[in-house]
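Visitor: Below is the sequence, then the predicted model.
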Amino acid sequence: MEYILKNGIVYDPANNVAGEKKDVMFKDGKIVDNVSSDAKILDVTDKIVMPAGVDPHAHVAGPKLVTGRIYRPEDSRKGVTAKKGVCRSESGFSIPSCPATGYRYSRMGYGTVTEAAVPPLEAKHTHEEIMAIPNVDVTPLPLFGNNWFVLQYVKEGQIEEIAAFISSWLKIVKGYGIKIVNPCGSEAWGWGMNVHGIDDPAPYWDVTGREMVRALSQANEMLGLPHSIHVHPNDLGHPGNFPTTVSTMDCVKDVEKNSSVRNQTIHITHAQFHSYGGTSWRDAESGAGEVADYVNKNKHVTCDVGQVTLDETTTMTADAPMEYDLSRLNGLKWANKDIELETAAGLVPFIYSGKAPVSSLQWAIGLELFLKIEDPWQVCLTTDHPNAGPFIRYPRIISWLMSNQRRQEMMDNREVHPWSHKRTSLATLDREYDFNEIAIITRAAAAKIYGYQDRGELTPGYNADIAVYDLNPNDIDPSKEPAAIEQAFGNAMYTIKDGQILVKDGEVVQIKPSQTIWTNVQGYEEQEKMIMEKVMPTFNRYYTVKFENYKVHDHYLPNPIEVKVQASK
Amino acid sequence: MLNLKTITLTLKKKSQIALEFDELIPDNIYNWEKSDFEEYQVPVGNSRFPLTDYFDIDVDGTAESPEEVKMILDGDMGRVKYIGCKMGAGEIIVNGDADLHCGAEMIGGKITVNGDAESYAGREMKGGELTIMGNTREFCGCSYIGDWRGMSGGKITIQGNAGKQLGECLSGGEIYVKGDCDILAGIHMTKGFIQIDGNVTRWPGGQMKNGNILINGRLGTLLEGFVQDGVVTDPDIDGKAFSGKYIKYTGDIALNGKGGLYLNAEKNRDLL
């Protein structure tokens, strides 16, 4: 089937197309240069056309989500809809049901999302949930930052062993890259402790966060994985944590990049939660300036923000000690999910309120990062869904970024607490994103950071993943019409995935099974064989499952996208 | 109360599967004619069926606003859920039993159940009055499952007995039980007032942080987290005067709670 999207105003940052009126053509699911006269014409005259959105960090599938849904029925009752057309019924606000997750991303014009924390032991379950999410492709990132085998090889200084272990484990769990969460801290939680800062060693192992991050980064580059290490640094959410964040970014500065498909060697996730100054919540202030400054001066770093949206949400992360602290702080119910030998997660409901000083400060710090990081290719739009807010708020964040007037109005009208401008520099920042920059932070940059070679651009041969928004960029002043911006980015005129029209005029009109993107390292078979012989005695001794039941078998990925990379030194 | 329009629904067939009445509240139907009711399809399980399959309908008078409406539900409403759910004004009288969630999330107005009410009566109530002439069961005046925010306003009066976890997570308003009450009345409550005239089995006020519970009957078992402050005479609680002697406790100290628990001294001599 051939299509031609006619007369749209195209933003395709990867190809340096910024608001040109042109046609986009696709055939059999791929973007093409030209089509025959039989092509079906979709008239999108003067509407915004972009590649479909790419979300670089969210929590959408896996054991944490299930724990969250079980213990937060009061969240599930929000957002309940009856089945309609091709859609099943939906439920949930901050932890939507699996079908709702797919539909809601699709309605915003998104086509790909990263599930950013997969405990290897629960990878099977994660893949089962991915199967239940329609319409968006999912990239799972397994957790390695507190894994006993990695801790052991870091302690011994065996980088090649780590590389072999990662290479094997990505095959075993069908993962895409390396996620590190509070390195050594979640392991310390097994002892009822946490680590403070990047140089505080985990009990028993005597290994520090710095050593873990460096070793995993070296292993990542040894294998030449398409994505860099994806790091949630130590000290999340603690006032005065920005030096830890800067040290984390800096500790891999000398690690040489070994991949042509991306620019960075470290991706810092939800940087907002890691950009705090002060010493306690009494004197907390923004540390966004220092973090942004480091990012601006160093091209080996990329980040996503984790913008607070001022909603009632559910926090969930593989940083269990932080979640425990949070539950003591807000007094709400807490769930802990320990994963033997690998990691530990926690969950706490959280109400980010514009009336609360801390929530307002966090809101402002997130926006400061967006506005202070100069190169949009180094920063992506996320809410660390659902931690800082649900992903359905992306359109609202876009409206904030495009309108200084709206931001000032929120501060003037007390929609946010005065801490938002007294303890940050937000009120002095008048930068406004344009549509091209929005296209970068919501799709192009994320695709580049992940080294995707099939999406995020409207390049011939790439997947026909396209979003059309009902806005005429020559007609609208985003600075003055934030509500219209939010409405349009939340209800795509068309969402096209692999050439199929999934959304029309904000309604899901077609359901498509999602695909799972994983990395298969080639040329490391010898080392993998050796490492398996080495790890199996420990595995058999300590894991409560048999290895035969641990491995993710092929039928868990009915629609895989296998990214083959050639390992090289 | 001002009533210009009376809507009478008389049950003629009881459904095995519960009907859901949350759309039939005065706020929505004050200007409905008889023909509107006859056209209306009521939710039953996962389907909808004509209201006339189950009820004879009579509409008398006119109303300009929900306040002017009185709805009378005649017959056994034991399989009619969500009666008066989210209602903001007007009056509903149930001449029979009511099923689950009667008066849930009610904001204003008045509901009288001349029979028993099933569990979750007055759940998350914010205002208005709910009177149950018979008994009610579990989770009366509670929160939604999983939530920590329960009933926050209004008044529930139960002439008969109440079940388990009465007023769970209560954060305002008042619950008055004239009969007996089962375990854990006022669990997790943070504010508001519960009065129970009959006997209580066990554990009132578990994990309460604040608010007051007064028990005029005999208490079976007290929780360990309550510290006796002594006997008070004719206490004044939340602006209400009570006569007689009460043993006063503060708890639940497990949560550093400052809640007040008053037990009738005469009936609970053994605790002195």
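Guide: Arrived safely.
Visitor: how would you label the nearest residue to residue A:398 once chain neighbours are set aside: helix, strand or coil?
Guide: Once flanking residues are discounted, residue A:398 sits nearest to residue A:489: 5.2 Å by Cβ to Cβ, 6 or more residues apart in numbering or on different chains. C-beta: built from backbone N, CA, C; applies to glycine. Assigned with DSSP: H, G, I helix; E, B strand; the rest coil, residue A:489 falls in the helix class.
Visitor: how close does residue A:489 get to chain B?
Guide: Taking Cβ to the nearest Cβ, to the nearest Å as the measure, residue A:489 falls 31 Å from chain B.
Visitor: count of neighbours near that residue?
Guide: Neighbourhood size, residue A:489 [other Cβ atoms under 10 Å in any protein chain shown]: 26.
Visitor: Show me what from the stretch 1-150 of chain B comes close to chain A.
Guide: Residues of the stretch 1-150 of chain B lying close to chain A (Cβ under 8 Å from any Cβ of the partner chain) are B:143-148.
Visitor: quick one: contacts for the residue nearest to residue A:398?
Guide: Going by Cβ atoms under 8 Å, 6 or more residues apart in numbering or on different chains, residue A:489 touches A:108-109, A:394-395, A:398-399, A:469.
Visitor: got the residues of chain A near chain B?
Guide: Residues of chain A lying near chain B by Cβ under 8 Å from any Cβ: A:71-75, A:77, A:332-333.
Visitor: ok, of the residues you listed, which come out buried?
Guide: Among the residues of chain A next to chain B, those buried by neighbour count (16 or more other Cβ atoms under 10 Å in any protein chain shown) are A:71-72, A:74-75.
Visitor: Relative to chain B, which residue of the stretch 351-500 of chain A is the closest?
Guide: residue A:351 (10.4 Å; Cβ to the nearest Cβ).
Visitor: Surely that residue touches residue A:312?
Guide: Yes. Counting by Cβ atoms under 8 Å, residue A:312 is a contact partner of residue A:351 at 4.6 Å.
Visitor: more neighbours, those two?
Guide: Set side by side, residue A:351 and residue A:312 show more neighbours around residue A:312, with 16 against 13, by other Cβ under 10 Å.
Visitor: separation between the more buried one and chain B?
Guide: Separation of residue A:312 from chain B (Cβ to the nearest Cβ): 10 Å.
Visitor: shaky segments in the stretch 451-569 of chain A?
Guide: Within the stretch 451-569 of chain A, the segments meeting pLDDT under 70 span A:569.
Visitor: Where do the helices of it begin and end?
Guide: A:482-490, A:525-542, A:547-550 (DSSP state H, counting those that start in this stretch).
Visitor: Would you reformat the buried ones among the residues of chain A next to chain B as CSV and include pLDDT and secondary structure?
Guide: As requested, these are exported to CSV (pLDDT from 0 to 100; DSSP: H, G, I helix; E, B strand; the rest coil):
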residue, pLDDT, secondary structure
A:71, 93, helix
A:72, 96, coil
A:74, 96, helix
A:75, 97, helix
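Visitor: got those residues as JSON lines, with distance to residue A:386 columns?
Guide: Formatted as JSON lines, these follow (distance: Cβ to Cβ, whole Å):
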{"residue": "A:71", "distance to residue A:386": "13"}
{"residue": "A:72", "distance to residue A:386": "10"}
{"residue": "A:74", "distance to residue A:386": "14"}
{"residue": "A:75", "distance to residue A:386": "9"}
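Visitor: just curious, which of these is nearest to chain B?
Guide: Nearest to chain B out of those is residue A:74 (Cβ to the nearest Cβ; 3.8 Å).
Visitor: Look up how far residue A:73 lies from the closest residue to the closest one other than its chain neighbours.
Guide: Of all residues not flanking residue A:74 in the chain, residue B:147 sits nearest, at 3.8 Å (Cβ to Cβ, 6+ apart). Computed with Cβ to Cβ, to the nearest Å, the distance linking residue B:147 and residue A:73 is 8 Å.
Visitor: Residue B:13 now?
Guide: 33 Å.
Visitor: related to what we said a few turns ago, farthest-apart pair in the residues of chain A next to chain B, please.
Guide: A:77 and A:332 (17.2 Å; Cβ to Cβ).
Visitor: from memory residue B:229 sits against residue B:253, does it?
Guide: No. Checked against Cβ under 8 Å, the pair residue B:229 and residue B:253 is beyond contact range at 12.0 Å.
Visitor: three-state assignment of the residue nearest to residue A:74?
Guide: For residue B:147, the assignment made with three-state DSSP gives coil.
Visitor: what's the pLDDT at residue 266?
Guide: Here I'm looking at chain A. pLDDT for residue A:266: 98.
Visitor: I was after chain B.
Guide: Looking at residue B:266, its pLDDT is 96.
Visitor: That one is in contact with residue B:243, isn't it?
Guide: No. In this structure residue B:266 lies outside contact range of residue B:243 using Cβ under 8 Å: 11.9 Å.
Visitor: out of those two, which sits in the busier spot?
Guide: Set side by side, residue B:266 and residue B:243 show more neighbours around residue B:266, with 12 against 8, by other Cβ under 10 Å.
Visitor: Now do the phi/psi pair for that one.
Guide: phi -60, psi -50 (degrees, to the nearest 10).
Visitor: residue in the stretch 401-550 of chain A nearest to chain B?
Guide: Counting by Cβ to the nearest Cβ, the stretch 401-550 of chain A gets nearest chain B through residue A:511, at 20.6 Å.
Visitor: Contact partners for that residue?
Guide: Neighbours of residue A:511 in contact, by Cβ under 8 Å, 6+ apart: A:86-87, A:102, A:134-135, A:502.
Visitor: State the distance from it to residue A:494.
Guide: Using Cβ to Cβ, residue A:511 is found at 16 Å from residue A:494.
Visitor: Next: residue A:333.
Guide: According to Cβ to Cβ, residue A:333 and residue A:494 sit 41 Å apart.
Visitor: what ranges of the chain fall below the confidence cut-off?
Guide: Chain wasn't specified; assuming chain A. Low-confidence segments of chain A (pLDDT under 70): A:569.
Visitor: try again with chain B
Guide: Along chain B, segments meeting pLDDT under 70 span B:1-3.
Visitor: and the closest residue to residue B:240 other than its chain neighbours, how many neighbours does it have?
Guide: Nearest non-adjacent residue to residue B:240, counting by Cβ to Cβ, 6+ apart: residue B:193, 7.6 Å away. Using other Cβ under 10 Å, residue B:193 has 23 other residues around it.
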